[in-house]
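Engineer: what would the 3D arrangement of this be:
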Amino acid sequence: MSPKSAYLKSSVQYLKGVGPRRSRLLSHLGIYLVEDLLFHFPREWEDRTISSPTVFKGRVTKTRFQQVGLKLAILKATMENGHGQMREAVWFKRPSLRYDVFKPLKEDIAAGHPLWIIGKPEDSLFPTSKIRVEEYYSTQDEKAALHVGRIVPLYPLTEGLRQSFMREIVHQALSSNASLVEDPLPGDLIEKRDLLGVQQALWGLHFPKSSQERDAARTRLAYDEFLLLSLAWAIKQRQTKRVQKSYGYEIKRHLLTPFREHLGFDLTKAQRRVINEIFQDMQQPTPMTRLLQGDVGSGKTVVALSALLLGVENGYQGVFMAPTEILAEQHLVTFDKFLKDLPVRYALLTSRTKPGQRKELLKEIEDGKIDIVIGTHALLEEEVRIPKLRIAVIDEQHRFGVRQRATLRQKGPPLDLLVMTATPIPRTLALALYGDLDVSTLDEMPPGRKPVSTRHLTEKEGFDFIRSEVEAGHQSYIVYPIIEESGHRDLKAARKEFERLKREVFGDLKVALVHGQMQGAQKAKTMEEFSLGLWDILVATPVIEVGVDVPNATVMMVQNADRFGLASLHQLRGRIGRGEANSCCLMVAEPKTTEAEGRIRVICETTDGFKIGEEDLKHRGPGEILGTEQHGDFHLKVGNILKDSALLIRAREDGSRIMEQDPTLSQPKHQAIRRKLIAMYQNRWHWIDLA
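Structural biologist: Numbers count the residues shown, from 1 in each chain. Predicted coordinates:
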């Protein structure tokens, strides 16, 4: 460690004003070292350069104290700025019997004292009359220059820390240590992309002199993140391609041909194209790592089954991994539908598998008597041994991370890996999120799939529409967000609403209930009966989000639709429109936020999964789209893969050029970026190998 980096790696506890107690609080924000503090960026900025309803500079003309009962004390100060503008500043505190809680404050705001005050308008009708004070500073205080009269950073905090404290220690750390931060980018790249130096960027993001400097600083630091991520993906992909498989495949067709013949429909051109891409990958001497993305109903499962069957007909085993037990159980039903006439042995393994059955199943898997294992994260457990495992399919890729994929690959020789997502996004973004994977896209829907219309209406209007569809001989789903009411009084619960619907609304119709807490056999029985037309209406939770195919179901009503994400709403809508009749999805919602209103508007305006994927990214950001496991693998504090897509493309281009010229990053000008890359991703992904 160089003397310079030693200062950056010192504990934040030893900064002036921090100490052990505040150091513990800072650790809740992931801040342990001085370097962590430098890279703890503001969440937003506030312009305090001029007076506004929230910021005022003036002299105190008079003060008065008011006791309101036993639990509240108020201190008010009238202020004027010499230009005819006046404000009443208001402080609220809990009184104490032991001492005057306002004593220090009274000394600061005595008549004649010049002050800056920052807070919120106390009266929304007259926002410039009163301010409820959150911060105040004497204009003669040297520290005031950090907090007022400039563009001021607002940081992510934890309980017990104040914005003023964060600004002061960040400024202290920058003043002492910013010059020690090594710039990872070579000078020619900084010049080519017209970027700020990293030290200037740190100052410009924390304490910008103008909005232009702040934006330039954010661009520089976002570029760094994208470049490092692109390099990490490139290294990961290179490592995968260096591995040689000890096995191969021959397309024998004794399973694939009857599988296609028994489907009951022709594959789309997109399905045939993607299957060919996958088969070509599987026949390569290096492991396949491919992402299959496609809209709801585009036929991803049939493509995945084709890959698994190629493995089985060559004497190998495969796994199909889903993120939840419910999804895994639904995939088992799909396997029953498509493989029932084929000599393929498959089984379900989840944490719900009973101990005795589990022990027997694990032995059958280890003995090679099971060709395809369907399951959840349970498949990653050490006791699950699959000796002939060669092909793995992961559904709902965003629920898993890089580390889960790596753990699965350790189950046997280098595996062929196919991961799937039903939240399709533009190719550029897919390459950023899944950069170690080749991308295949199902961009065509099966013939005969009619577009589903979507409407936002009241519950009564929805019930009337459902009744008319049932009278026309069709069936309907009604989806509720939760099973029980406990802790969610503002949400309608499936179990209680099911009883109400049977008793008060659809008493003359056949209504069934299905949810995730039901036993698998009972749930499967209810779904099978609904598929056979024995029930008019199926009340459900989002358990039916995937894997359900009932052509006669023409209506999907989603209750509390504003509480669902766009991707979930689109998945639910995909359960209808599978027959010849026109279908309609009904959104029953009373959105209370602009974001919720936006989701309802988007789902009603488009059925294009790619547009919905983009909007989902806009509304929720990559963190929620990727999920906790996946998002933990990334290190994006500043960059936004959607808003900064042009910057992302430039960083990917530069990363590709660097890897072509210097694949081990051993040239002197790349040493700094090599060190930064290892620091950011080696502990995170456990595989950064630059040899």
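
Engineer: quick one, strands of the stretch 101-250 of the chain?
Structural biologist: Assigned by DSSP state E, counting those that start in this stretch, the strands in the stretch 101-250 of the chain fall at 114-121, 130-138, 151-154.

Engineer: Glu499 belongs to a helix?
Structural biologist: Yes - assessed with DSSP: H, G, I helix; E, B strand; the rest coil, Glu499 lies in a helix.

Engineer: and the strands of the stretch 101-250 of the chain as a markdown table, adding distance to Phe530, mean pLDDT and mean neighbour count?
Structural biologist: C-betas here are computed from N, CA, C, even on glycine. Formatted as a markdown table, these follow (distance: least, C-beta to C-beta, whole Å; pLDDT from 0 to 100; neighbours: other C-beta atoms under 10 Å):
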| stretch | distance to Phe530 | mean pLDDT | mean neighbour count |
| --- | --- | --- | --- |
| strand 114-121 | 53 | 88 | 19 |
| strand 130-138 | 56 | 89 | 19 |
| strand 151-154 | 52 | 94 | 19 |
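
Engineer: of these, which is nearest Ser164?
Structural biologist: strand 130-138 (6.0 Å; C-beta to C-beta).

Engineer: ok, and what's touching the closest one?
Structural biologist: 53-54, 56, 87-92, 108-109, 113-123, 143-144, 147-148, 163-164 (C-beta atoms under 8 Å, 6 or more residues apart in numbering).

Engineer: quick one: buried residues of stretch 553-568?
Structural biologist: 553-564, 566-568 (16 or more other C-beta atoms under 10 Å).

Engineer: again but with stretch 655-666, I slipped
Structural biologist: Of the residues in stretch 655-666, Gly655, Ile658, Met659, Leu665 count as buried by neighbour count, 16+ other C-beta under 10 Å.

Engineer: the third one reaches Leu231, doesn't it?
Structural biologist: Same thing as Met659. Yes - between Met659 and Leu231 there is a contact at 6.8 Å, judged by C-beta atoms under 8 Å.

Engineer: now for whichever strand in the chain runs longest, which elements pack on it?
Structural biologist: Longest strand in the chain, counting residues (DSSP state E): strand 55-68. If you count contacts as 3 or more C-beta pairs under 8 Å, 6 or more residues apart in numbering; DSSP states H and E, strand 55-68 packs onto strand 72-80, strand 86-93, strand 114-121.

Engineer: next, the angle from the second one to strand 72-80.
Structural biologist: Translated: strand 86-93. Calculated by axes from the mean of the first three to the mean of the last three C-alpha atoms, to 10 degrees, strand 86-93 forms an angle of 160 degrees with strand 72-80.

Engineer: can you check the last one too?
Structural biologist: Counting by the same axes, to 10 degrees, strand 114-121 points 120 degrees away from the direction of strand 72-80.

Engineer: could I have strand 114-121 exported to CSV, CA atoms only?
Structural biologist: Extracted C-alpha coordinates of strand 114-121, given in CSV (Å, rounded to 0.1, in the frame of the first residue of the first chain):
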residue,chain,number,x,y,z
PRO,A,114,-27.9,38.2,10.9
LEU,A,115,-29.0,34.7,10.0
TRP,A,116,-29.5,32.2,7.2
ILE,A,117,-32.6,30.0,7.8
ILE,A,118,-33.5,26.9,5.9
GLY,A,119,-36.7,24.9,6.3
LYS,A,120,-40.2,24.3,5.0
PRO,A,121,-43.1,26.7,4.4
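
Engineer: ok now that strand, how far from the chain's centre?
Structural biologist: Once both centres are worked out by C-alpha atoms, centre = their mean, to the nearest Å, strand 114-121 turns out to sit 37 Å from its chain's centre.
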